[in-house]
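K.L.:
the following block contains a protein sequence and its predicted model.
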Amino acid sequence: MTGLGDPVRLGPLAARNRLVFPAHLTNAAVARRPTPQHAAYYGARAAGGAGLVITEEQSVDPADRPYEKLVDGTDPAVVPGYRAIADAVHAHGALVLAQLGHNGGQSSSLYSRAPIDGVDDEPDPMFREVPRPLSASGRERLVAGFGLVAAHVAAGGLDGVEVQCSQASLIRQVFSAEARVPRGSSAALRAAPPEALPFLRAVLSAVRAAVGPDRVVGVRLQGDEGFPGGLSASDAAAVAREVEPLVDYVNTAVGVATRTLPLIEPPMGVPAGYASHVPSAVRAAVSVPVIGVGRFTTPEQALDAVRSGSCDLVGVVRGQIADPEFAGKALRGERVRRCLGCNQECIARVGVNQRLGCAVNPAAGREGVAANGYLAASRRTKSPFAARVLVVGGGPAGLAAAVAAARDGHTVTLAERSDVLGGQLALAARAPERRELANVVADLAYEARAAGVTVRLRHEVTEVAGVDAVVLATGARPALPGWAAGLARVVDVTDVLAGRVAPSGRVLVVDAGRGHAATSTAELLARRGAAVTTVTSALVAAGDLAPTLDRERWRRRAFDLGIAELTDRVVLAAREGLVLDVLHHLTGEVMPVETDWVVHAGPPSPVVPSLDTDVPVVRVGDCVAPRDIDAAVREGSAAGASVRERTSVL
Amino acid sequence: MRGVLGDPVVLGGRTAPSRVLFGPHVTHLADPARPRALSRDHVAHYRARAAGGAGVVVTEVASVVADDHPYEDAPLAAACADGWRDVADACRPYGTLVLAGLGHAGGQGSSAYTRGPLHAPSPVPDPASGEVPAALSADGIAAVVDGFASAAGAAVAAGCDGVEVAAGQHALLRQFLSGLTNHRDDAHGADRARLLVEVLTAVRAAAGPDAVVGLRLGVDELAPWAGITPADASSVLARVGGLVDLVVPVRGSALSVGATRPDAHTAPGFLRPTCRSLRTDGVATVLAGSVVDPVFALDVLESGDADLVEMTRAQLADADLVALVRAGSPVRPCVLTNQQCRVRDVRNPRISCTVAAPEVPERVVPRRVDPVLVVGAGPAGLEGARTLARGGCAVRLVERDDAVGGLLRLVAGLPGRERLADLVAWYSGELAALGVTVALGTVADVPADGRVLLATGGVDRPGRGTPIAAALRDGLPPGAVVVDDPLGDGAAVALAERLAAEGREVAIVAPGVLVGPGLARTGDLVEAQARLARAEVRRVTEARVSAWSGSSVTVADVVTGATTTLPAAVLVDAGPRRALADPPERPDLHVVGDAVAPRTVAEAVREGRAAARELLS
């Protein structure tokens, strides 16, 4: 039976194991060139044990620029950056390929100030710009572009290329257009679609000619596009069969980046292996190795994917962002720090032109930053002295601080007032579809115990004695709005999640935030039979759910549960009954709304105990300002790693 | 009396050569390798306005402390000394006063780049980001005061004539002044103006008595229940008047970001009465807020309602505004669409202008003397014809319709887009002055040889319902209307508003979470929703039209598939138009604008200009 640790031949070269770090955007490029951050980022995953690293997309056309930080591979100035990436990955024994692509009509003229090139003149559903249909000579120019970039890749010493014919790709668009418009049937309605297969063959031949026989050429093929009439797994299999002689492996994909993105980067709640039908179909059609992807967040899931025969290699993106040592730990049978699928710091940030990060791994996207406390703590030698550290609060910030301090060799006690670890996260994880939030609590608690942290539950810290440093991670407490005063049936979401109240009948969930608190609590109550309406002053309900790709699934569930939604509404006042005066702020109309319960989700207030002590005290997480998981883990980790600096004067 | 705009004015101890100010604005002109410094492109940007006659240039606001990083390439004062020196040197030959914009975005900043908490007067989440800031500590306040002072000292040392302190939109200092955002229970809460007084005192001390100290002051947050009102601002000015040489009153809060530099839906000069009421002895008052028309500006100055006018967007449209006004020449009009200049946008688009292509040298000597045929008198053809004629070329412009303007004429009939007619009128005047032959009502035969600029625009795309251009051109039969808006660029919103104003029942169907999402770029997104709501236009979002019977439209939710039926005697298709099919290809024939791919005015102007320059070279 194939194991993750078995080497696999990719044409002329062999990968040392079956774990792949597939292509994904990082926004680490500067001035359209790869940076030392790219090298550090990929190098960290190679050091962590990955067998094959595939870089983010390198564009084959300077005018192709849907987002600012897309690398322009046609610029010869990229070669030194490629060299640095190759060196960083090879230093740890992994193979590294560059992904090459052209976004076609899935693009923007915002930066290029030129018309975008598409298959036809249909606007992309996300970018919504009318493309200029690419001519035959235009296609030839792009084929040459693929060859040029492949030559740069080879000159930079990478091990080969992967041609993208999937999520955001002109080549995929050609296949997709051909699939939607059978030849001869609708020629009058749109320009005759170009020949997809000859185009792809020409591209693959051009890159092969450029990299030579000693490097790897792969292709990433679109399986399921995720909309009616779109490409399917059998299309991917058919194309794979046709191009098999030209490639050393086939990678697979589901979803279109600008139309069905949640299929590509599915959020929390989507099961591992949801996309395995694509590599399975392709694997049945070809004999070259096939890479499968699909939200594999634990070593067990990755192993299952290979053992079940759905793929030869398994791609793990977010799992290796969350834990760069995922591959090595998987091979050694160790526990990883799991990706939550929260998508808050990776997908959501990259979508708004910011550097990729990770909610549970503060070093992700910052591997190249020299003064990275988190990284430093894991790499440097331990603190020359063991300080006695008291961490107050067992939420994610306190746990992360305890882990980092203990790993640095300090003697750490973590005091948590309640009887469970996890703080607000533990509560949030009680809501439907949010269960995986608890994974970071469990993983950090595991790491804390492994590092020797003494955890004291039901322990309220009232005085500080016998310690050298204190980390305050006391979090935040719910804050109800002024209009809730004196009304027993106006409660906070945490009251519901903790089980202190059980609203029923008509429930109005007032969303004064924008994340999952309101929606997930609404869902919990609707599942229990309540008639739930959500209210927000924003133009869009739960605005943070779209960037993390949770919105579509939430809307489907809300529809099934009959959850109603009011937007643009501000609660002005409430009185017993319950009756709320609700302002529609777009029109100025105020209307009374009658309900049995009101559940409020809003920003909490920081909890800052006053501790009388002379030792250094550092505050982290929500007790500084209530924010998301990433801030808690990042600040906690940094505080734990910096204990030695804070106490070194003693 | 056209001299007033171009007359000098004394500010503090220094003299500005005109009464027109080029205000601070986000540009994304930074060099990616030094993202928080001012770049050579910044210098060129400001130099062009100085050369064109601007009296005062205020540079892009620089953060005074490093942990304020409101957007990726937001200038940082500590990294700006060289850039300030270069800008001052570049503008000095024209006598233009250069003030360094200094600020701190507070709770309206971003934590994305620092990865630390935002800092604000109180932990009040910003409506845009939703992020809860940390309340600024006493030490933090002291650091902000020091930051302003040291930045002011550095700017003056670099050769700037002074500084402008940001207490307007996106400003910590405004957040301290406002009851919306300052809930502190310390001295800076008891006296909300205290921090501003401290900052200006420190800035004045650091900049010296000879430097110009300006203040951009939020005077009306449009939130009278807790926000700054003009009366509050008046008492603030009474306290700080002795510390500053000029004040630029602006409006808007975090709840109304779009109100500060609004598009054409707001009448220009909206702050004029407020500005008049805030005039303070010894302080030059600047009228800001959509001042784009030189005639209006002149009237403001002559009436004494203000001492200077801020004409930022007008000078983006025409860098030579003051020089042209002095010469009695027409100015390329700012049309207040905000589509290209409002770039406080995470994608970092470089600043541009809907009506102005990037500046290029004019009056090149033509290599060829044979005339150029320009086909189509929409914005691409008009800009192309003007550029060719200015380049010394004989131009014949042929237009099928009976008037010039193309789609601009139709769009100018929509609410908020009326100013596009000013652009058409300006082009007409320019072409007449340049002696361009314009043949209206003429269908051109494109000759087999000779130089041709083909700017024939797009055509309607066959589909379901009446194409939006046809609706604008020909009107619609009576009855309820459903506007199907897959593009969301604002045209459908404007049409819906016009139809609703006619008393029709109107609905817009949009695939995304909001109708008109493209209006986010112009700052009109929120206000557009409000106008539609008040006009009782039904907004059907996350939906697409699935069927039309002639009397009703069926729409399906894009996620759940649930269907809704809307009354519709008319279905308008606001989807994309279509380019010219199979344009002729030969070396001296250039196809531009919508004929290549239907897009916006900005692309038409840009491509018309670029193709004309290629024909000239």
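P.N.:
Done, it's in.
K.L.:
ranges for the helices of the stretch 451-600 of chain A?
P.N.:
Assigned by DSSP state H, counting those that start in this stretch, the helices in the stretch 451-600 of chain A fall at A:493-497, A:516-527, A:551-561.
K.L.:
as a markdown table, those with mean neighbour count would be great.
P.N.:
(Glycine included, C-beta is placed from N, CA and C.) Below are these laid out as a markdown table (neighbours: other Cβ atoms under 10 Å in any protein chain shown):
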| stretch | mean neighbour count |
| --- | --- |
| helix A:493-497 | 23 |
| helix A:516-527 | 25 |
| helix A:551-561 | 18 |
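K.L.:
show me what from the stretch 201-350 of chain A comes close to chain B.
P.N.:
A:R349 (Cβ under 8 Å from any Cβ of the partner chain).
K.L.:
quick one: the helices in the stretch 201-350 of chain A?
P.N.:
Counting by DSSP H, counting those that start in this stretch, the helices of the stretch 201-350 of chain A are A:233-243, A:261-264, A:277-285, A:299-307, A:318-322, A:326-332, A:347-351.
K.L.:
OK, contacts around the closest residue to B:D557 other than its chain neighbours?
P.N.:
Ranked by Cβ to Cβ, 6 or more residues apart in numbering or on different chains and with sequence neighbours excluded, the top spatial neighbour of B:D557 is B:A543, at 5.5 Å. Contact analysis of B:A543 by Cβ atoms under 8 Å, 6 or more residues apart in numbering or on different chains lists B:509-511, B:555-558, B:564.
K.L.:
pick the most deeply packed of the helices of the stretch 201-350 of chain A.
P.N.:
Most buried of those, by mean neighbour count (mean count of other Cβ atoms under 10 Å in any protein chain shown): helix A:318-322, with a mean of 26.
K.L.:
ok, and what's touching that helix?
P.N.:
A:19, A:21, A:45, A:48, A:50, A:265, A:295-298, A:302, A:326-327, A:336-341, A:346, A:356, A:358, A:360-361, A:364.
K.L.:
go again using 6 Å as the cut-off
P.N.:
A:21, A:45, A:297, A:326, A:337, A:339, A:346, A:358, A:360-361, A:364 (Cβ atoms under 6 Å, 6 or more residues apart in numbering or on different chains).
K.L.:
and the residues you listed, which two are the farthest apart?
P.N.:
Greatest spacing in the contacts of helix A:318-322, by Cβ to Cβ: A:F21 and A:V360 (17.1 Å).
K.L.:
domains for chain B, by residue range?
P.N.:
As assigned by automatic domain parsing, chain B contains the domains B:9-327, B:372-459+B:584-616, B:466-573.
K.L.:
how about those in a markdown table, adding distance to A:A14 and mean pLDDT?
P.N.:
Putting those into a markdown table (distance: least, Cβ to Cβ, whole Å; pLDDT from 0 to 100) gives the following:
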| stretch | distance to A:A14 | mean pLDDT |
| --- | --- | --- |
| domain B:9-327 | 38 | 97 |
| domain B:372-459+B:584-616 | 47 | 95 |
| domain B:466-573 | 45 | 96 |
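K.L.:
if we can go back for a sec, now the helices of the stretch 451-600 of chain A as JSON lines including mean pLDDT and distance to A:V78?
P.N.:
Below are the helices of the stretch 451-600 of chain A laid out as JSON lines (pLDDT from 0 to 100; distance: least, Cβ to Cβ, whole Å):
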{"stretch": "helix A:493-497", "mean pLDDT": "98", "distance to A:V78": "49"}
{"stretch": "helix A:516-527", "mean pLDDT": "97", "distance to A:V78": "40"}
{"stretch": "helix A:551-561", "mean pLDDT": "96", "distance to A:V78": "36"}
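K.L.:
which one's more surrounded, A:F21 and A:V360?
P.N.:
More crowded of A:F21 and A:V360, by other Cβ atoms under 10 Å in any protein chain shown: A:F21, with 29 against 26.
K.L.:
from chain B, how far off is the more buried one?
P.N.:
Distance from A:F21 to chain B, counting by Cβ to the nearest Cβ, to the nearest Å: 24 Å.
K.L.:
surely that residue meets A:G49?
P.N.:
No: using Cβ atoms under 6 Å, A:F21 is not in contact with A:G49, being 10.1 Å away.
K.L.:
and stretch A:19-36, end to end?
P.N.:
24 Å (Cα to Cα, to the nearest Å).
K.L.:
now do the same for the residue nearest to A:K382 when sequence neighbours are not counted: its pLDDT.
P.N.:
The shortest distance from A:K382 to any non-neighbouring residue, by Cβ to Cβ, 6+ apart, is to A:G409 (3.6 Å). For A:G409, the pLDDT comes out at 94.
K.L.:
quick one on the thing from earlier: okay if I get the helices of the stretch 451-600 of chain A as JSON lines plus distance to A:V461?
P.N.:
Shown next, in JSON lines, are those (distance: least, Cβ to Cβ, whole Å):
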{"stretch": "helix A:493-497", "distance to A:V461": "21"}
{"stretch": "helix A:516-527", "distance to A:V461": "27"}
{"stretch": "helix A:551-561", "distance to A:V461": "38"}
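K.L.:
report the distance from the longest helix seen in chain B to the chain centre.
P.N.:
The residue-count maximum for a helix in chain B (DSSP state H) belongs to helix B:138-157. Centroid separation between helix B:138-157 and its chain, computed with Cα atoms, centre = their mean, to the nearest Å, is 30 Å.
K.L.:
now the angle from the helix or strand following it to helix B:138-157?
P.N.:
Where DSSP states H and E defines the elements, the next helix or strand beyond helix B:138-157 is strand B:162-167. Going by axes from the mean of the first three to the mean of the last three Cα atoms, to 10 degrees, strand B:162-167 is angled at 150 degrees with respect to helix B:138-157.
K.L.:
strands paired with strand B:162-167, and their directions?
P.N.:
strand B:97-103 (parallel), strand B:212-220 (parallel) (DSSP bridges).
K.L.:
and of the helices of the stretch 451-600 of chain A, who's closest to A:V290?
P.N.:
Per Cβ to Cβ, nearest to A:V290 of these: helix A:551-561, 27.9 Å.
K.L.:
tell me if that closest one is near chain B.
P.N.:
Yes: on the criterion Cβ under 6 Å from any Cβ of the partner chain, helix A:551-561 is in touch with chain B at A:552, A:555-556, A:559.
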